[in-house]
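Give me coordinates for this.
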Amino acid sequence: MNVTRGFTGRPRVDNPGLPPGQYDAGDDWPVLSAEVTPDLAPADWTFRIDGLVERPRTWDWEQAHALPASAYEGDIHCVTSWSKFGVRFGGVSLDAFLDEVRPQAAATHVVAYSHTGYTTNLPLADLTGGRAWIAFAYDGAPLAPEHGGPARLLVPHLYFWKSAKWIAGLRLLDHDEPGFWEQNGYHARGNPWEEQRYSGD
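The predicted structure follows:
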């Protein structure tokens, strides 16, 4: 797959809350996916964490919702140059899931994978300390399928391709293993404030 570097978006308006090269999408939430939106009912959704953990585990919809509820209110940033301010997601902090599986000391990275087969890689440190969620709701309503519902990974401090839609699980590793977009030229980490859009940025 060829990677197009021609993301221009709308003209950027000076705003100290905007990372470099971004524009404020306002009420819009563009739908961008590498795959067709799946028909995935909450009753069929599962989430698993395995790899370098002491106690691999799979949660179903009810078990995941039995964990302490948590919310994110803040901003999100897409590599295609749009940002949204003051969004509200509801779900469960990823820390709650990780506490149950107990990551091994050797674990440094994660491959997140979706029910569609999509993958993306992240440092484990970017998913802990209250910085990542499994999100079930947006703005008080169930998360729409086109935006990753019934559940998506939410890592709002990184570009949004790292927040895998239709999340199915995490595999903890002792090394970095590129995911779908990373294999096709995107940056391994994707920090919007450092404009890490592509490999080499």
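
going forward, measure contacts and count neighbours with C-alpha atoms only.
Will do.

Quick check: bridge partners of residue 50?
Beta-bridge partners for residue 50, by DSSP bridges, are residue 171.

Next, the contact list for residue 18, please.
Residues in contact with residue 18 (CA atoms under 8 Å, 6 or more residues apart in numbering) are 24, 83.

Neighbours of the closest residue to residue 43 other than its chain neighbours, how many?
Closest residue in space to residue 43, ignoring its immediate chain neighbours: residue 61 at 6.4 Å, by CA to CA, 6 or more residues apart in numbering. Counted by other CA atoms under 10 Å, the residues lying close to residue 61 total 17.

my guess is residue 61 meets residue 41, correct?
No: assessed by CA atoms under 8 Å, residue 61 is found out of contact with residue 41, at 9.7 Å.

What are the boundaries of the strands in the chain?
23-24, 46-51, 57-60, 70-77, 82-93, 109-114, 119-123, 133-138, 141-142, 152-154, 167-173 (DSSP state E).

From residue 49, how far out is the residue nearest in space to the middle of the chain?
With distances taken as CA atoms, centre = their mean, residue 163 lies nearest the centre of the chain, 1.1 Å away. Look at residue 163 and residue 49: by CA to CA, to the nearest Å, they are 16 Å apart.

what bits of the protein have low per-residue confidence?
Within the chain, the segments meeting pLDDT under 70 span 1-16.
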